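K.L.:
Below is the structure, and that's it, no one-letter string:
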């Protein structure tokens with residue numbers, strides 16, 4: 001076995017896992033039992049400085065299949081194939097390298113509007129075959145366990161689109177095995193930390209785009225990623241009467257809270273009513289705080305096909321700025337629209353906001 005070939009493969013295996021290679025699992029949240037598919041592209045840029053006699057780059061094409069256990073938890077199956085380019089005069093031939101990745105993603109709400117916390121973990125394996133004319137093929141099997149956590153923030157726009165910038169830190173434990181058909185040349189393990197920053201653009205209920213850069217804390221190498229994900233529309237078995245779970249936000253005075261109590265609409269056996277997608281609770285007006293004013297504000301609105309509330313009208317008159325606060329919160333709220341025969345439709349609804357004393 002040519003020592004230069006062996007040295008190349010050893011360098012390749014060690015550097016290859018200095019950043020983890022994986023497809024783009026999006027943060028879009030679906031009801032339990034829903035599935036999604038996607039495709040992705042990523043490019044690996046090696047360190048600018050290295051003790052190795054050459055450098056290489058890699059391009060990877062990936063796919064992903066997601067299954068949602070709940071709105072907070074999903075699993076992704078990510079097959080891919082990598083194509084490597086070595087910056088060397090020697091006639092190395094690196095065959096396309098298949099890989100498979102299994103990932104678990106859990107997204108949790110926090111007590112801050114739009115801010116979420118996520119936990120991401122998974123297992124990955126890849127097979128590689130390096131050939132040089134006149135020599136036996138050299139095989140590499142790489143495996144890695146990767147886990148980490150991070151934050152993402154939801155930024156709503158005036159349109160249906162929403163932006164989700166995110167950042168996470170990850171720990172990876174990798175195992176590498178290099179051999180020919182006759183003997184093992186390398187069997188080792190290593191661990192390292194990486195960071196990843198990116199943004200997901202949610203263009204509709206059924207499609208999103210996501211891009212990111214992952215970087216090593218130990219070298220200058222970078223991994224660029226881009227992906228498109230396609231989701232099943234939420235059309236299955238939504239109850240006729242939908243009551244959202246109560247969510248509370250602090251208003252500045254601990255005894256006072258405001259919350260969205262629920263959505264009321266005229267039920268129809270063939271129509272699935274609208275549901276909250278991104279809910280904003282109203283701020284307690286200062287005048288109402290000072291007067292210890294409590295009560296329930298009722299608003300009527302039309303949720304259009306894009307899930308945007310329009311034609312908002314107050315059906316109550318509590319005063320002290322309570323109706324105005326509820327209207328402003330509703331304007332910033334995004335819904336999953338009503339569904340009829342698999343298509344989104346506009347629906348007139350009544351939405352209630354409760355302003356109350358916690359200790360009453």
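P.N.:
Received, thanks. Here the structure is a predicted model, which means the values were calculated and not measured.

K.L.:
Which residue ranges make up each domain of the chain?
P.N.:
3-231, 249-357 (automatic domain parsing).

K.L.:
Name the strands paired with the longest strand along the chain and say parallel or antiparallel.
P.N.:
Counting residues, the longest strand found in the chain (DSSP state E) is strand 184-204. Neighbouring strands of strand 184-204 in its sheet, by DSSP bridges, are strand 162-179 (antiparallel), strand 207-216 (antiparallel).

K.L.:
Would you format these as a markdown table with distance to residue 102, mean pLDDT and mean neighbour count included?
P.N.:
Every residue, glycine included, has its C-beta placed from N, CA and C. What follows is the strands paired with strand 184-204, written out as a markdown table (distance: least, C-beta to C-beta, whole Å; pLDDT from 0 to 100; neighbours: other C-beta atoms under 10 Å):
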| stretch | distance to residue 102 | mean pLDDT | mean neighbour count |
| --- | --- | --- | --- |
| strand 162-179 | 15 | 89 | 17 |
| strand 207-216 | 18 | 89 | 19 |
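
K.L.:
For residue 190, which of the ones you listed is the nearest?
P.N.:
Residue 190 lies closest, by C-beta to C-beta, to one member of the strands paired with strand 184-204: strand 162-179, at 5.4 Å.

K.L.:
Can you get me the centre-to-centre distance for the closest one and its chain?
P.N.:
Per C-alpha atoms, centre = their mean, to the nearest Å, the displacement of strand 162-179 from the mean C-alpha position of its chain is 14 Å.

K.L.:
same question, stretch 65-74
P.N.:
11 Å.

K.L.:
now that stretch: mean pLDDT?
P.N.:
The pLDDT scores in stretch 65-74 average 88.

K.L.:
buried sites along it?
P.N.:
Going by neighbour count (16 or more other C-beta atoms under 10 Å), the buried part of stretch 65-74 is 66, 68, 72, 73, 74.

K.L.:
how close does the spatially closest residue to residue 165 that is not a sequence neighbour sit to residue 273?
P.N.:
Closest residue to residue 165 apart from its sequence neighbours, by C-beta to C-beta, 6 or more residues apart in numbering: residue 199 at 4.6 Å. Using C-beta to C-beta, to the nearest Å, we find residue 199 at a distance of 31 Å from residue 273.

K.L.:
again with residue 323
P.N.:
24 Å.
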